[in-house]
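[1] Pasting a predicted model and its sequence here:
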Amino acid sequence: MKILGVDIGGSGIKGAVVDTKTGELVSERVRIETPQPATPEAVAETLKKLIEQLGYSGPVGCGFPATVHHGVAFTAANIDSSWINTPVEKLFTEITGNNCYVLNDADAAGIAEMAFGEGRNVQGVVMMITIGTGLGSAIFVNGNLLPNCELGHLILKDDIAEHYCSDAARQRLELSWGKWGKRFNKYLHRLEFLFNPDLIILGGGASKSFEKYADKIDVRAKVTPAKTLNTAGIIGAAMYAENMIAQTQKTCSKPVAAKSKSESAGNGEQTKDKTASAKSKKVKPAKN
Ligand code: BGC
């Protein structure tokens, strides 16, 4: 399928139409500055502009720099705090007039690398770390994603890890690649201690300069820059949209089974999930 993938970041919103079978970009890659302040409405309007610029109509996958549960943003570390609890999928769908499917940006990048990049056919524990304004993270076990893990927020050297060694920290503190690489290596050691990954894939802006700090990295796991580099987020977002469409179609064609007593009783968490999916029910089915 050809689906528009969008990577929403702290400084730029980037998008291109992706062939989800091959992972190739089949349109030009458009980048628009993230509006400041990056409020929900301003970002949604910019997304609309990007879609129009590409002359696209159809489902849209969006990687978003926050945890996203059933289409609702729950955090806002590097974006406007008004995003917290915003039904981002619903908002983007309403403003753009296209069905939007939203997931965490690092999860999107990881999905692309597992399908078409360095993680392809790799079993065991694979971690994707994106290095940009923040530190994004995704964990895959035998190819299966654990969504919304926030390992950029581990405490390292009495600081939040992403404040200590994101690419924004490197620029803010004017660190050489070598000095920054030593910091980042400490972070990788912490991840290795906690998760024992077999492979660590680096994405985001700083992954393009890997050779400038590779000699500072000495964890046991193999560490490699993403093959899809900074298009990973776009490709993975488009793949996520395709998956969600397929899932919705499966659910819709399933006969409704009677609920068991325990299923209908539920607990707090399930109630929250139901509320969220009730919200996403308002999303129109994809026109494809
Ligand atoms: C956010 C993550 C996001 C990462 C990269 C962090 O500040 O908490 O959700 O994946 O930045 O954008």
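    Yep, it's here. No experiment lies behind these values; they were computed from the predicted model shown.
[2] these two touch, right, G117 and L202?
    No: under the criterion of C-beta atoms under 8 Å, G117 is not in contact with L202, lying 11.1 Å apart. C-betas here are computed from N, CA, C, even on glycine.
[3] Need the overlap of contacts for those two.
    Common neighbours of G117 and L202 (criterion: C-beta atoms under 8 Å, 6 or more residues apart in numbering): A226.
[4] Counting neighbours, what do you get for A206?
    Counted with other C-beta atoms under 10 Å, residues neighbouring A206 total 27.
[5] Now do the phi/psi pair for it.
    The phi/psi pair for A206 (degrees, to the nearest 10) reads phi -70, psi -10.
[6] For the closest residue to it other than its chain neighbours, the count of nearby residues, please.
    Using C-beta to C-beta, 6 or more residues apart in numbering and skipping residues adjacent in sequence, the residue nearest A206 is I131, 3.8 Å away. Using other C-beta under 10 Å, I131 has 28 neighbouring residues.
[7] Look up which residues are beta-bridged to I131.
    L135 (DSSP bridges).
[8] Mind pulling the model confidence for it?
    Listed pLDDT for I131 reads 95.
[9] same thing with S262?
    In this prediction, S262 has a pLDDT value of 42.
[10] The closest residue to the ligand within the stretch 101-250 of the chain: how many residues sit nearby?
    In the stretch 101-250 of the chain, the residue that lies nearest the ligand is G134 (2.5 Å; C-beta to the nearest ligand atom). For G134, the neighbour count with other C-beta under 10 Å is 28.
[11] ok, now T22?
    A count of nearby residues for T22, using other C-beta under 10 Å, gives 11.
[12] That one: what's it in contact with?
    Counting by C-beta under 8 Å, 6+ apart, T22 touches F116.
[13] Ok, the one 3 residues further on next?
    Residues in contact with L25, defined by C-beta under 8 Å, 6+ apart, are 16-19, 231, 234-235.
[14] Please report phi then psi for it.
    L25 adopts backbone torsions of phi -80, psi 130, taken as degrees, to the nearest 10.
[15] returning to that earlier point: where is pLDDT lowest across the contacts of L25?
    Minimum confidence in the contacts of L25 sits at T231, scoring 92.
[16] which of the contacts of L25 has the most neighbours?
    Highest neighbour count within the contacts of L25: I235, with 31 neighbours (other C-beta under 10 Å).
[17] give me the element it is part of.
    According to DSSP states H and E, I235 maps onto helix 232-253.
[18] Wait, a strand at I200?
    Yes: the assignment for I200 is a strand, going by DSSP: H, G, I helix; E, B strand; the rest coil.
[19] That one: how many residues sit nearby?
    The burial count for I200: 22, using other C-beta under 10 Å.
[20] now the one 10 residues further on
    When counting by other C-beta under 10 Å, one arrives at 18 neighbours for F210.
[21] State whether it is indeed within a helix.
    Yes: using three-state DSSP, the secondary structure at F210 is a helix.
[22] wait, what's in contact with it?
    Contact partners of F210, counting by C-beta under 8 Å, 6+ apart, are 202, 224-225.
[23] Alongside the ligand, which residues does this protein contribute?
    Applying C-beta under 6 Å from any ligand atom, we find that the chain lies next to the ligand at 65-67, 75, 77-78, 104-106, 130, 132, 134, 136, 150, 152, 162.
[24] if we go to 8 Å?
    Within reach of the ligand by C-beta under 8 Å from any ligand atom, the chain has these residues: 9-10, 64-67, 75, 77-78, 104-107, 130, 132-137, 148, 150, 152-153, 162, 166, 204.
[25] out of these, which are inside helices?
    Of these, the ones assigned to helices by DSSP state H are 105-107, 162.
[26] Is it possible to get CSV of those that adds pLDDT and neighbour count?
    Listed next are those as CSV, based on pLDDT from 0 to 100; neighbours: other C-beta atoms under 10 Å:
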residue, pLDDT, neighbour count
D105, 97, 30
A106, 97, 32
D107, 98, 28
E162, 97, 26
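[27] now the residue positioned nearest the centre of the chain, nearest residue through space, not along the chain?
    Centroid check for the chain by C-alpha atoms, centre = their mean gives D105 as the closest residue, at 1.7 Å. Distances taken as C-beta to C-beta, 6+ apart place G63 nearest to D105, at 3.7 Å, with adjacent residues excluded.
[28] Take the one helix or strand V17 maps to, keep the C-alpha atoms, and write them as CSV.
    Assigned by DSSP H and E, V17 belongs to strand 12-19. In CSV, the C-alpha atoms belonging to strand 12-19 read as follows (Å, rounded to 0.1, in the frame of the first residue of the first chain):
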residue,chain,number,x,y,z
GLY,A,12,10.4,19.9,12.1
ILE,A,13,7.4,18.0,10.8
LYS,A,14,8.5,15.7,8.0
GLY,A,15,6.4,13.5,5.7
ALA,A,16,6.5,11.4,2.5
VAL,A,17,4.3,8.8,0.9
VAL,A,18,5.7,5.4,1.6
ASP,A,19,5.4,2.1,-0.2
